[in-house]
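Asker: build me a structure from this.
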Amino acid sequence: MKLAYRPEIDGLRAIAVLAVVLGHAGLGGAGYVGVDIFFVISGYLITSLLLAEHDATGRIDLAAFYARRVRRIVPAASVTVVATLVACWLLLPPDALAHAARSAAAASVFAANLFFEFASGGYFDADSATMPMLHLWSLSVEEQFYFLWPALLPFVRSRRAIGVLAATSLLLACVLEARDPSAAFYQMPARLWELALGGWIVAAPPRRPAPRWLAWAGIVLALASISIPFGDWRLLNVAAAVLGAALVLHALHEGGGNRFLASAPMVGVGLVSYSLYLWHWPLLALYRATAPAAQGIATPLALCAVALVLAVASWRYVEQPFRRMRAPAARTLAAGIAVSLLLALGAYALSRHALDTGFVDRVPEATRAERDRPRPGVEGQQCHSGRDAAASLKCPPRSRTVVWGDSMAYSWLPAFPGATVATRDACAPLLGEPPAGARDWQRRCREFNAAVAGIDADAFVLAARWQTYPGFDLRPTFARLRGKRVFVLGPTPELPLAVPDCMRAHDPRACTLTRAEYERVAAPLLARLRAQAAGFDNVQVVDLADSFCNATQCPPAKGGVPLYWDSHHISARAARASGLGARVARKGDSP
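Answerer: All right, here's what the predicted structure looks like:
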């Protein structure tokens, strides 16, 4: 069945997608709630279709319903995923390619939300900005809802029943937000209330024309939720966005309208909103993954403009032709399942290939530099942590040495064979308050560090990208480690470009930092580390300058051996050549 077209719904889609795209480009605010607006729209439209069909025929044709979903979702998403994987193969190092391919495989079977929750940490974590498939979590949530809703709707079609279901889901979201924010963000049951609210609007027939101000009130509330972030109280932004979208849809359901939403520019953006959502994030994520030192929003905004052009082409040449197809439902479903499974299997095979063989590169030295990273299980015993770090940290019962810190500490693993490696990205070894960040990440970091501090070990090696933690204070950590031998590794040089890129360009000078530039950054950090270590006889701060620099320069390689596998994480060979492992292993030495 077809519903009467309301251009205002496309206008509301435009608000949602522009919020997401501009927020991802770096304009601030809480643009992520655009996805929540999409959820309410989806719940409204899907419930309208299903109830209209049920009222007209007494049944819901599930095969026809899912065939429509295949034509709407699968073609454009598949084209985007394939194109993104090709770009990842060309641009990313093997481990990042493997992660992107695995996430594509999960997305192809509508499980991206579960993949990112359990395999990649929180949506707001620092490294999430470089994951090209991250945005597909929302499509998986919607599709999981579509699997459930048609079967459930005949039994909960009254407003009261849908309201109870939505309230239960909202209560679950509130509980999870307090206990496990990643689950609250990614899991469909905690999002069902947003989609069900759209269905709740449809469940009662229109009774009277809505006042003209109602849609405007919804627009203003939605825009306020996008523009004014409530910090750690993410659910307040979500609730405001959902309520704003619901007011607009309720006004439309009651026969109202809105000229702003129905205007040609808003409708035009709304029509291509699905493809724009698909294309914008891979462009931004790949840019950030390959230009980590880039700042400003000029380039991200330009990439969003490119995404808009791709979205128009995708809408015209992919979305529309497939939506107009009239193949039998069974054939459409079989084709959709086959495409999804083939894409999932191909993406998984690509992930295995990336890990096993790496890139075929015209400059082998660049590939070796990219792959010259620590390998947990070979060079150390990794501590594993799940969603609740304090409860699930699994480490050896006894360890001679623990390497503790963020990804910089992880890169030092080869220097300490057999050590226990307790690292989390962007999580310095601080037992006081962690640096500013999302509340979910802060909680995880705090719990992880508390668990690591309790490991029974002879020596602890602390390392971090210290310059990224303004106001860091290691004294609570030192106090907790009294009686242990503690080595604090000072800052390493951060080169202007990634070493593999310079090798590909045969231009090592582009990666070279002068020693004076390095010391301008390192000297105040070393002074601070030494001041905080004062009074703790068991703590030694290690100055790494002479390990990476000569009298005048800090080069990307020494003796033909790359010192880094990007612009600042040291290579495995550089870590082994440092001699720090032997120094820490001499138990009789005082630090």
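
Asker: residue 497 and residue 510, how far apart?
Answerer: In this view, residue 497 and residue 510 are 5 Å apart by Cβ to Cβ, to the nearest Å. Where C-beta positions appear, they are placed from N, C-alpha and C, glycine not excepted.

Asker: neighbour count winner among the two?
Answerer: residue 497 (18 against 14; other Cβ atoms under 10 Å).

Asker: state whether that one is indeed within a helix.
Answerer: No: assessed with DSSP: H, G, I helix; E, B strand; the rest coil, residue 497 is coil; it does not lie in a helix.

Asker: for stretch 66-83, which positions count as buried?
Answerer: By neighbour count on 16 or more other Cβ atoms under 10 Å, the buried set for stretch 66-83 is 66-71, 73-81.

Asker: residue 481: which of those residues is nearest?
Answerer: residue 81 (46.5 Å; Cβ to Cβ).

Asker: name all residues that make contact with the closest one.
Answerer: 104, 107, 108, 133, 136, 343, 347 (Cβ atoms under 8 Å, 6 or more residues apart in numbering).

Asker: in CSV: those residues, plus neighbour count and pLDDT.
Answerer: Shown next, in CSV, are these (neighbours: other Cβ atoms under 10 Å; pLDDT from 0 to 100):
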residue, neighbour count, pLDDT
104, 27, 95
107, 29, 94
108, 26, 94
133, 29, 93
136, 29, 94
343, 21, 95
347, 22, 94
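
Asker: now residue 502. Nearest residue, chain neighbours left out?
Answerer: Distances taken as Cβ to Cβ, 6 or more residues apart in numbering place residue 511 nearest to residue 502, at 3.9 Å, with adjacent residues excluded.

Asker: need the pLDDT of that neighbour.
Answerer: For residue 511, the model assigns a pLDDT of 88.

Asker: heads up, I number from 58, so please use that
Answerer: Sure, I'll start numbering at 58, so the last one becomes residue 568.

Asker: compute the number of surrounding residues for it.
Answerer: Neighbour count for residue 568, taken as other Cβ under 10 Å: 24.

Asker: do residue 168 as well
Answerer: 18.

Asker: just checking, it touches residue 198?
Answerer: No: the pair residue 168 / residue 198 is not scored as a contact, 10.3 Å apart, by Cβ atoms under 8 Å.

Asker: relative to residue 526, how far out is residue 504?
Answerer: 18 Å.

Asker: try residue 219
Answerer: Look at residue 219 and residue 526: by Cβ to Cβ, they are 47 Å apart.

Asker: and the two? Which one has more around it.
Answerer: Each of residue 219 and residue 526 has its neighbours counted (other Cβ under 10 Å); residue 219 has more, 25 against 19.

Asker: show me the contacts for residue 610.
Answerer: Residue 610 is in contact with 569, 570, 571, 572, counting by Cβ under 8 Å, 6+ apart.

Asker: okay, and which of these map to helices?
Answerer: Per DSSP state H, helices hold the following members of these: residue 572.

Asker: what's the closest of the contacts of residue 610 to residue 117?
Answerer: Closest approach between these and residue 117, by Cβ to Cβ: residue 570, at 64.7 Å.

Asker: tell me the bridge partners for the closest one.
Answerer: Beta-bridge partners for residue 570, by DSSP bridges, are residue 611.

Asker: does residue 259 really touch residue 105, like I thought?
Answerer: Yes: judged on Cβ under 8 Å, residue 259 makes contact with residue 105 at a distance of 4.9 Å.

Asker: and those two? which has more neighbours close in?
Answerer: residue 259 (24 against 20).

Asker: what about residue 556, how many neighbours?
Answerer: Residues lying near residue 556 (other Cβ under 10 Å) number 28.

Asker: who's in contact with it?
Answerer: Residue 556 sits in contact with 426, 568, 613, 614, 619, 620, 621, 622, 623, 624, where contact means Cβ under 8 Å, 6+ apart.

Asker: tell me which stretches of the stretch 58-207 of the chain form helices.
Answerer: Under the criterion DSSP state H, counting those that start in this stretch, the stretch 58-207 of the chain contains helices at 64-79, 91-114, 119-148, 151-165, 169-176, 194-209.
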